[in-house]
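Undergrad: sharing a sequence plus its predicted fold:
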Amino acid sequence: MVRWQQYVPVDPELHEILDGQQLRESEEHWLHSRFNISTRWRHVAIVVSVVCAVALLTWNATQDLDEHSTESQTGLEEKDDVWSIFSLPWAQDGNISTNTTTATTATTVTATITKTTISTTSVTRTTTGTTTTAPFSLFCWTLVVSNSSEHQLLKHHYELGINIFACDSFLVVSDFPISLAPGVSSVAIGALHSKRAPWNSWYNVPEFLRAWDAVMGHSRANKSDWTVKVDADTFFCVGRLKHKLWVQHVPNEEASFWINYDAAHLPGPLDFLGPLEVFSRRAMELFQEKGKEVCPNPKVQTLGEDGFMKNCMYRLGAKARYDYSLLLNACDWCQPVDPHQCSESRYAAFHPFKNISVYTRCLHHAGGAC
């Protein structure tokens, strides 16, 4: 490129003027550039400040929401805890603690198991928008043969605080003494010699009448609002049963028992089945007062314990109430109950699950719905 100096006369004064003008232009250009750079940095600084402020406000709001959510959830869990299938009135003699007059819980959590001590028999369940109070107690019991598969199932139930061990009070009856934990033992009634019945069950009335004698001699059976007999291989949701009983509003002085199976439309001849038997306190009082007279031990057996108890309740004048969703039962010739069905919350009990593996699968599918 041709340089400008070649066309300019060599005049020192003119050269000095031109140099001065170029110097001023250069200074103005430098100042303008610096001003533009400073302005840009100020804009960047403003944008960064705004972004940081928004982020800080968002973080604070998130923290507040998390704390509020945690407090709310904790409150609900504390209220709902006594209805959880893992809740256990952990009185080792099978009795609920009653040394205070307000319902309080002291909870220790290990893995997914919660052990709870309940101070009264009044249970409150909190759900979305409503609070349900069940001011009654359940006394639950079972009969097992020592050193059997059902004995192992029962130990599994006790370790998890489920089945009868989630009731307000409980009793284990067995042929010979068994221990589930230190201080938790069964009431032994002697050897059991049931005979096989044609319907593939058992002639077991004499054995169960001995068991019922042991139950009636237990202090909690006479003080509890409902007595529930549960087979050891029955998956039993205490919370579901309490809810069903609560919504029925059964009068306190009513002698009643629950018909639990729709024999008219399902396989099997009986509508009152032994895996889950539910009796009111007044029905148990009548059974204790007049049962041996009105319902003597049969000399010739033609029924199982469940059929015998149904007929006895009618003879004692107890009222039959109906809830065919109390029990989902599979008879010996029926299709087995699938563990996935335990998620069906309309049922309070499922039968049978003969081993711990299948029982645990049922428990998994039931989840918090119990």
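TA: Looks like it arrived, so ask away. Numbering: from 1, shown residues only.

Undergrad: when you work out contacts or count neighbours from here on, use the C-alpha atoms and nothing else.
TA: Fine.

Undergrad: least confident secondary structure element in the protein?
TA: strand 123-127 (a mean of 31; mean pLDDT, DSSP states H and E).

Undergrad: ends of stretch 267-274, how far apart?
TA: 15 Å (CA to CA, to the nearest Å).

Undergrad: can you pull the contacts of the nearest residue to A263 once chain neighbours are set aside?
TA: Distances taken as CA to CA, 6 or more residues apart in numbering put D271 closest to A263, at 5.0 Å, once the chain neighbours are dropped. D271 is in contact with 259-263, counting by CA atoms under 8 Å, 6 or more residues apart in numbering.

Undergrad: now D271: how far from S325?
TA: As defined by CA to CA, D271 lies at a distance of 12 Å from S325.

Undergrad: ok, C370 next?
TA: 14 Å.

Undergrad: who's more crowded, the two?
TA: Neighbour comparison, C370 and S325: the larger count goes to C370, with 23 against 16 (by other CA atoms under 10 Å).

Undergrad: from memory that one sits against R240, does it?
TA: Yes - taking CA atoms under 8 Å as the definition, C370 is a contact partner of R240 at 5.8 Å.

Undergrad: which parts of the stretch 101-250 of the chain are helices?
TA: 149-160, 205-216, 219-223, 238-248 (DSSP state H, counting those that start in this stretch).

Undergrad: which other helices and strands does the shortest one contact?
TA: What that stands for is helix 219-223. Applying 3 or more CA pairs under 8 Å, 6 or more residues apart in numbering; DSSP states H and E, one finds that helix 219-223 contacts helix 281-294.

Undergrad: one more time with 10 Å
TA: Judged by 3 or more CA pairs under 10 Å, 6 or more residues apart in numbering; DSSP states H and E, helix 219-223 is in contact with strand 138-144, strand 169-174, helix 205-216, strand 226-230, helix 281-294.

Undergrad: can you redo these as JSON lines with mean neighbour count and mean pLDDT?
TA: Formatted as JSON lines, these follow (neighbours: other CA atoms under 10 Å; pLDDT from 0 to 100):
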{"stretch": "strand 138-144", "mean neighbour count": "26", "mean pLDDT": "98"}
{"stretch": "strand 169-174", "mean neighbour count": "26", "mean pLDDT": "98"}
{"stretch": "helix 205-216", "mean neighbour count": "18", "mean pLDDT": "95"}
{"stretch": "strand 226-230", "mean neighbour count": "23", "mean pLDDT": "98"}
{"stretch": "helix 281-294", "mean neighbour count": "17", "mean pLDDT": "97"}
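
Undergrad: so which of those gets nearest C312?
TA: Among those, helix 281-294 comes nearest to C312, with 7.3 Å by CA to CA.

Undergrad: ok, back up a step: so which of the helices and strands packed on helix 219-223 is nearest G161?
TA: strand 169-174 (11.3 Å).

Undergrad: sheet partners, orientation included, of the closest one?
TA: Neighbouring strands of strand 169-174 in its sheet, by DSSP bridges, are strand 138-144 (parallel), strand 187-188 (parallel).

Undergrad: with distance to F208 as extra columns, can I get those strands in JSON lines?
TA: Formatted as JSON lines, the strands paired with strand 169-174 follow (distance: least, CA to CA, whole Å):
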{"stretch": "strand 138-144", "distance to F208": "8"}
{"stretch": "strand 187-188", "distance to F208": "12"}
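
Undergrad: kind regards, and thank you for your time.
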